[in-house]
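Engineer: Please work out how this folds:
(2 chains)
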Amino acid sequence: MPQRADRIIASMSVAMAALATLVCAPAVRGGPIDFVRDVQPILNSRCLGCHNGVKGAGGLRLLERGDVLGEAESGSRPVVPGKPEGSELLRRVASNDAADRMPADGEPLSPREIETIRQWIAEGAVWPVHWAFRAVERPRVPRAPGAAWARTPLDRFVLVRLAAANVQPAPEANRTTLLRRLHLDLAGLPPTPDEADEFIADASPGAYEKLIDRLLASPRFGERWGRHWLDLARYADTDGYEVDGPRPNAWHYRDWVIGAINEDLPFDRFTLEQLAGDLLPEATPREHLATAFHRQTLTNNEGGADQEEYRVEAVIDRVNTTATVWLGLTVGCTQCHDHPYEPLSQREFYGLFAFFNNADESQVRLPATGEEEYHVRKAEHERALEELRRELESASAEQRPRLEQRIRERERRAPRDPAVRLDVMAERVEPRTTYIFDRGNFLRPIRDAVVPPGGIGVLHALKPGNETRVDRLDLARWIVDPANPLTARVAVNQIWQHLFGRGLVRTPDNFGLNGDPPTHPELLDWLAAEWVGRAFSSSEARDRGWRIEDRGAKHKEQSPKHQPWSRKRLIRLIVTSAAYRQSAQHRPALAEIDPRNGLLHRQNRFRVEAEIVRDLHLAASGLLAEKIGGPSVFPPFSADLKRIDFRSDLEWNTSTGADRYRRGMYTFFKRTLPHPNLTMFDCPMADATAVERARSNTPLHALITLNNEVFVEAARAFAVRVLCGEKCDDDAARLTRAFQLAVTRLPSEGERARLLTFLDENRKWYAERPEEAAKLVADQPFADVAPAELAAWISTSSVILNLDEFITRE
Amino acid sequence: MTQPPTTRREFLTGAGAGGLGMIALAELLTRDGLLGPRQALAAETPTATIDLAVQQPLAPRPPHFSPRARNCIFIFLDGGPSQMDLFDPKPKLRELHGQPLPESMLENVRFAFINKHAPLKASPRSFRRYGECGMEFSDLLPHLATCADDLCMVRTIVTEQFNHHPAQLMMQCGQGKLGLPAMGSWITYGLGSESQNLPGYVVLAGGRGTSGAATLWQSGFLSSSHAGVLFRTRGEPVLNLSNPPGLPRALRRRGLDALADLNQAHFERMRDPEIHSRIASYELAFRMQAAATQLGDLSGESPHTLDAYGVDREDWKIKVKRDGGPGQYRDFATNCLLARRLVERGVRFVNIFHGFWDHHENVDGELPFYTGMVDQPIAALIQDLKQRGLFDETLLVIGSEFGRTPLGQGAAGRDHHPYAFTMLLAGGGIRGGHTHGETDEIGWAPVRDPVHVNDLHATLLHLFGLDHVRLTYRFRGLDQRLTTVTRESRVVPELLS
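Structural biologist: Presented below is the predicted three-dimensional model:
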């Protein structure tokens, strides 16, 4: 399978790079044993199939050092550090007796593997804690050869690995590429021609930084990075499952995310509000709203569905999502049993479950604009009604019908409360008792296995504020505690991934023993330490954690440079680096040494996300609506698609006016029938948290961007924009402008000539076929230009808007 | 380039392309009629523009071991057809009609709608044995019954879900959860597809839509290249297939030539092989436009074939709730015929969905409408595949997400039943004329040879030469597979020929 092959090649390349850096060779090559490099692979591939957290054959599991030091079931000790001869593990793998020898099934270990284990035990059986479970310690920034290249400390970490592999970094990308890259990465939109001119003309040394600051301050930043977060939040506009009813107010949470990111709400605070906003002291409606993060779970309203089954299902999803999003752990296995390959137990799963089991689905009243007016009018209304009722009391029999009629009319005109009620989480007054479910089945709670809320043992301790009532706020604080070895690393990796196309850890959802190690471990730790801020010691941080709510304000006074957990600050740091600014050009000579670019020997180029494909077309053609936020919209959608949905009651009233041209992220997302223009380009289905998007490349993409109504409309508008643009009086100038509008850079002579040839082909074609021209031009009459001419430009525009480069971030 | 090239030929040679450029050049010149006689077909179907196997997720790949089937047609009768009214006669129910189930059978039983003390309901249908094998069918399936010796009837399929959407997901994706790849996605992931002009996994839908809608053919954590592509029975066969009005195919061809040249020029700069994949995708899209249009054009089919499938039949005039509108009989028959045309063209996996068999209120009255719709076309499909020599390599699966209860619901309906239901298999590697498994005398649960849905999956993959334990994809820290990592599933050898 290609993906598998990829993985193997990737790990081979990492291994090869590691080999290249070796100063001293391991084991039989001499030199001390490195457990992670030399021993763990043997255990994983040859032993863990049976001696894992589930099977634990012979009472032995091989996940942590503690597992091998005690007495096994047989009474012998698997490993006695420093004493290979007394170690049962070595005796069994080296045994000549086939009945006694391990592995029980399959080939015996090779002499070299046995020697590795022997030497490891002899050297003291060092078995370090898994890298991701160790507290983050700020590494020293290395001195690196060729350091003149470095623009930030970050670059030195990159250089060290490049130098070890004897690879030069790529040259810096040209200014137009950098401009478009930053615009796509930070705003998800191409630069306008004016913005491009301004940047290209700005020769000042700080021009690049100025551009970054402008983009970070743009509200488009919140849309761009908000959408990344919404993938994690599994945000959608409907319930899911068969009925899949609408959630008309879901967008309020989406807008909360955009706003929070634009305000640069520090990530720890951002976390607290979403996991436990309702439990914050004197929580505001917006803090309640933040908890809608966990209201994005699915709801099954299919007739006959067991509601308790799906409540439990949602709680399980909240546990899994929280663990994946913040901790980079896949705890799903432990719903049913202890984790086979990670030091995570079933009991711990239910410890996390207990936090969310005590949270119920609830609603919060969100004050709206016009509310004051509403209260005034309501008081007025009530006063008037009261008066009428008093009149009625003392009214004569003939007056009564008229008065009654007036009262009825008045009542009908009662002012409407503009406030909306939003779906949020709220803590239960009476906590539920959480039991371990036998094999994860909610119908089989194990009555004597009551589990209180709790953290994960392999991480730092969870210290509740109030022992008698441990709640989600404790969990959230435990997650953002700087002593937590995972949260900062995981979040930094997610951010890195959006700026390089891939994370430093290639398994962003799995930082466990079974995930990929980081390509640049020290860089990851340095970024994490730098981000969280070295000012905090653990106890101090805990202290601050309790009052983290004051912190936002306090830190706003400080320069944003020092604001801990600031998303914008971290992004700024990364995009100013020389590593980020490299060209994305492939270097064929490196295709074998570093095929997946694990060394960061260049930037990556990759197709933009589904929503951005749409946004680029709308922006280039000038159709894009500026509006940010608000209710989700309904761009054109093939009407007969409704037929595949059993309920067939999807109300897809195509939006008109500006709402027809909103950014892709505002498209109403129906879970069982999402818009194909989104899903075809790998937009996640919002059924579970999505830490990473696929980047497929299929013929159906071509059919969409060539033929779909939205994209044909964009090509038409693009042609009109080019034809009536200023400074364009001949074909060459117009084609240049068209090219720039699409991909920012100027076309080469060859490119422009090729387009000119094609434009002329079109002219001839349409001159002979006015009826075709009229059809393509459709209802886009453009008085100054003959239909055949406009048609020729539309057809040419469609080619430009289908360039690989157009939907690629380079 | 100092001088702007004026022709495409010059442009390309000027670009100094390597191997690819030269192949592309030869192809483009052929297309232009410059290197040889220009045939319409050759121009329509460029053959070697790009090595399609390069990063082409649907390029054919070898299976784990020698396969028995190359293609699959899975007809999914959404909603849960009533097995004891169609496939699994229960004369005992006549005796017990109107009585409740004994308490001992009701432990741990959950239903969607009915009370578990609802009375048993007998089937009004009559059953007969057919073929040399003596397979039993009710009077509602006279056509299918003539194929008895080709069919394998499994009466003991067991699922874990009793609501539609989760159960449909379980049948399609292995678990009652969203976010997992469908079987068709797994198979194209494992084997690629032999069709270079059509998607590897095609979905045909008709009648009232399914509970699961597009979630039933999603690719989950696999690339969306492996997602099912919905073909429509009416209108343009694939979404966005038609060029915009006023931009006909010949001009589109020229546009794609220009596009390929420009992309190639950018490749010369960036050297990213993904650009070649993009060029290949556009060429494939162009070929797909022709191929899919051709596919839907039934004018080349003989009147005999069209008749056999019943493509021109009118809907039966039976008043049915939730029927999905007029023209369903035609839609279903057309979909069966299209399925044959698809596998004929090398499409790996075809899923036909047809709802809505969820007969809670009037199973006796409404079932004939649906069996009348599917009986003849499915039988015709089997005969047609046999005549064309496709039967032995095409796996045919007919079934649903669950069955229906022997207990009645209301006056004339039945509720969902996950504990034992019937599916039919035929074709590539399947043991024809075999009835597998046995349910107890009221059809409640298997008494012999239960086949869990995941065992069925393991068996189907096996027929494709795929070991269900080895066909994995690493996601969320696990080597995920169709048959789930938490269950030990097995191939059912008795179903194989």
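Engineer: going forward, measure contacts between C-alpha atoms and count neighbours the same way
Structural biologist: Will do.
Engineer: how about the helices of the stretch 201-350 of chain A, start to end?
Structural biologist: Ranges of helices within the stretch 201-350 of chain A are A:207-217, A:219-233, A:251-262, A:267-276, A:285-290, A:307-327, A:346-357, based on DSSP state H, counting those that start in this stretch.
Engineer: and the nearest residue to A:Arg506 once chain neighbours are set aside, how many neighbours?
Structural biologist: Among residues not flanking A:Arg506 along the chain, A:Asp516 sits closest, at 6.1 Å (C-alpha to C-alpha, 6 or more residues apart in numbering or on different chains). Residues lying near A:Asp516 (other C-alpha atoms under 10 Å in any protein chain shown) number 17.
Engineer: Just the element for residue 170, please.
Structural biologist: No chain was given, so I picked chain A. A:Ala170 belongs to no helix or strand when assigned by DSSP states H and E.
Engineer: The chain in question should be chain B.
Structural biologist: Taking DSSP H and E as the criterion, B:Met170 maps to helix B:164-173.
Engineer: buried sites along the longest helix anywhere in chain A?
Structural biologist: In terms of residue count, the longest helix belonging to chain A (DSSP state H) is helix A:371-393. Buried residues in helix A:371-393, defined by neighbour count with 16 or more other C-alpha atoms under 10 Å in any protein chain shown: A:374, A:378, A:381-382, A:385, A:388-389, A:392.
Engineer: contacts with chain B among the residues you listed, please.
Structural biologist: Filtering the buried residues of helix A:371-393 for proximity to chain B by C-alpha under 8 Å from any C-alpha of the partner chain leaves nothing.
Engineer: Is the residue nearest the centre of chain B bridged to anything, and to what?
Structural biologist: With distances taken as C-alpha atoms, centre = their mean, the residue of chain B nearest its centroid is B:Asn351 (1.5 Å). Applying DSSP bridges to B:Asn351 gives these bridge partners: B:Phe74, B:Val203.
Engineer: do you know how far it is from A:Ser797?
Structural biologist: Here the criterion is C-alpha to C-alpha, to the nearest Å. By it, B:Asn351 lies 37 Å from A:Ser797.
Engineer: what sits against the residue nearest to the centre of chain B?
Structural biologist: Remark: with contacts taken as C-alpha atoms under 8 Å, 6 or more residues apart in numbering or on different chains, B:Asn351 is in contact with B:73-76, B:184, B:201-204.
Engineer: closest to chain A among the residues you listed?
Structural biologist: Nearest to chain A out of those is B:Leu204 (C-alpha to the nearest C-alpha; 9.6 Å).
Engineer: what residues are up against the closest one?
Structural biologist: B:230-233, B:335, B:350-353.
Engineer: that's a strand at B:Met423, yeah?
Structural biologist: Yes: assigned with DSSP: H, G, I helix; E, B strand; the rest coil, B:Met423 falls within a strand.
Engineer: Show the pLDDT at it.
Structural biologist: With respect to pLDDT, B:Met423 scores 98.
Engineer: Look up the residues forming beta bridges with the nearest residue to it once chain neighbours are set aside.
Structural biologist: Once flanking residues are discounted, B:Met423 sits nearest to B:Gly399: 4.7 Å by C-alpha to C-alpha, 6+ apart. Beta-bridge pairing for B:Gly399 (DSSP bridges): B:Phe76.
Engineer: so where does A:Ala449 fall, helix or strand?
Structural biologist: Going by DSSP H and E, A:Ala449 is in strand A:445-450.
Engineer: Between helix A:307-327 and the helix or strand just after that strand, find me the angle.
Structural biologist: Proceeding N to C from strand A:445-450, the next assigned helix or strand is helix A:472-480, under DSSP H and E. Computed by axes from the mean of the first three to the mean of the last three C-alpha atoms, to 10 degrees, the angle separating helix A:472-480 from helix A:307-327 equals 30 degrees.
Engineer: measure the residue nearest to A:Arg506 to A:Trp326 for me?
Structural biologist: 17 Å.
Engineer: Equivalent analysis for B:Arg476, please.
Structural biologist: 14 Å.
Engineer: Look up phi and psi at residue 235.
Structural biologist: All of this refers to chain A. Torsion angles at A:Tyr235 (phi, psi; degrees, to the nearest 10) stand at phi -70, psi 140.
Engineer: which non-adjacent residue is nearest it?
Structural biologist: Computed as C-alpha to C-alpha, 6+ apart, the closest residue to A:Tyr235 that is not its neighbour in sequence is A:Gln296, at 5.5 Å.
Engineer: What residues does the one you found make contact with?
Structural biologist: Each residue near A:Gln296 by C-alpha under 8 Å, 6+ apart is listed here: A:233-236.
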